[in-house]
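Peer 1: I need the structure of the sequence given here:
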Amino acid sequence: GMSRAPTAKAIEAAAAKGITLTAHVVGLDGVSIFVKADAGASQIDVATIKSIFGGVDGSGSEAACADPARVTRWEQIAGSTQTGPLRILRRNDDSGTTDAFKSLTGVKGFCADVLPQAGTADIAVETSTDVTAIAFAGLSGFRPGANKELAVAKSPEGPFVLPSETTIRTFAYPLARRLYVTEAGGAVTPNAAEQALLVNVLDRNFLDPILTANEFITCLPEGCP
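Peer 2: Purely as a prediction, here's the structure:
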């Protein structure tokens with residue numbers, strides 16, 4: 001996939017077979033926390049996100065999810081003017097966004113009441129139509145006027161930052177991530193077609209328009225952070 005960097009384990013396993021894995025940063029993306037445009041909350045911190053989706057310790061265990069201290073209601077989100085239970089949605093486990101969300105928030109597993117959705121478009125529809133819904137998805141889930149992104153902070157004190165090209169490029173937005181393409185070399189030599197694809201993918205003139213068309217963020221001219 002174009003979102004995951006190879007893990008240390010994968011690099012080791014490949015090295016044992018004489019294969020060298022090189023991860024190239026080719027673009028940037030942000031994971032957004034979506035609510036309905038007229039929902040009574042505008043910001044959230046990472047600890048609150050972790051509690052909502054993974055229970056009090058982010059483990060997703062039955063005990064952590066049933067703990068009375070877990071955030072399950074709107075009034076538990078600091079600054080919220082809305083009350084009542086949250087309807088919690090997420091991207092499914094096939095999505096690179098789910099991996100990114102987990103690594104960025106510290107969520108290890110999801111509570112049973114967090115409902116998986118097949119695609120970003122499903123999250124967009126649900127958060128545009130249901131004022132009780134809260135969900136994470138890639139930036140392309142934004143529907144101006146229908147749903148909105150919450151400003152996110154690393155700590156409850158702030159600063160609360162909205163996702164944008166600038167805040168993602170500078171990593172000021174806490175849920176920003178790098179997009180990688182992984183090249184394999186050494187014992188496996190790419191065939192001509194694979195080599196040509198890699199050359200294309202690493203060519204900014206080729207890749208940047210594709211990233212932009214898919215609502216990802218391109219790197220600055222001098223490269224990716």
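Peer 1: ok now do the residue most central in space within the chain, which residues does it touch?
Peer 2: With distances taken as Cα atoms, centre = their mean, the residue of the chain nearest its centroid is residue 31 (3.1 Å). With contacts defined as Cβ atoms under 8 Å, 6 or more residues apart in numbering, the neighbours of residue 31 are 97, 100, 101, 104, 136, 137, 138, 175, 177. Yep, even glycine has a C-beta here, placed from its N, CA and C like the rest.
Peer 1: helix or strand right after the host helix or strand of it?
Peer 2: Here residue 31 sits within strand 19-36, counting by DSSP states H and E. Where DSSP H and E defines the elements, the next helix or strand beyond strand 19-36 is strand 43-45.
Peer 1: which secondary structure elements does the next helix or strand after that next one contact?
Peer 2: Later in the chain than strand 43-45, the nearest helix or strand by DSSP H and E is helix 46-54. Helix 46-54 sits against strand 87-91, helix 96-105, strand 133-138, strand 151-153, with contacts defined as 3 or more Cβ pairs under 8 Å, 6 or more residues apart in numbering; DSSP states H and E.
Peer 1: what angle do helix 46-54 and strand 133-138 make?
Peer 2: Helix 46-54 runs at 100 degrees relative to strand 133-138, counting by axes from the mean of the first three to the mean of the last three Cα atoms, to 10 degrees.
Peer 1: chain center to helix 46-54, what's the gap?
Peer 2: Centre-to-centre, helix 46-54 and its host chain are 14 Å apart (Cα atoms, centre = their mean, to the nearest Å).
Peer 1: and the contacts of that helix?
Peer 2: 33, 58, 60, 64-65, 69-72, 76-78, 86, 88, 90, 101, 104-111, 114, 134, 136, 152-156, 174.
Peer 1: PyMOL command to pick out the buried ones of the residues you listed?
Peer 2: Entered in PyMOL, the line below selects the buried ones among the contacts of helix 46-54, by 16 or more other Cβ atoms under 10 Å:
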select buried, resi 33+58+60+64+65+70+71+72+77+86+88+90+101+104+105+107+109+110+111+114+134+136+152+153+174
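Peer 1: in this structure, what spans have low per-residue confidence?
Peer 2: Under the criterion pLDDT under 70, the flagged ranges of the chain are 1-4.
Peer 1: again, only using 90
Peer 2: 1-29, 94-97, 99-100, 103, 138-140, 165, 169-170, 177-225 (pLDDT under 90).
Peer 1: residue 210: helix or strand, and which one exactly?
Peer 2: In this structure, residue 210 sits in helix 204-213 according to DSSP H and E.
Peer 1: count the neighbours of the residue nearest to residue 100 when sequence neighbours are not counted for me.
Peer 2: In space, and not counting its chain neighbours, residue 100 is closest to residue 177: 4.6 Å by Cβ to Cβ, 6 or more residues apart in numbering. Neighbours of residue 177 under the rule other Cβ atoms under 10 Å: 25.
Peer 1: ok, the host helix or strand of residue 177: who's next to it in the sheet?
Peer 2: Secondary structure from DSSP H and E places residue 177 in strand 176-186. Next to strand 176-186 in the sheet, as set by DSSP bridges, lie strand 19-36 (antiparallel).
Peer 1: still on that earlier bit, next, the angle from the strand holding residue 177 to helix 96-105.
Peer 2: Computed by the same axes, to 10 degrees, the angle separating strand 176-186 from helix 96-105 equals 110 degrees.
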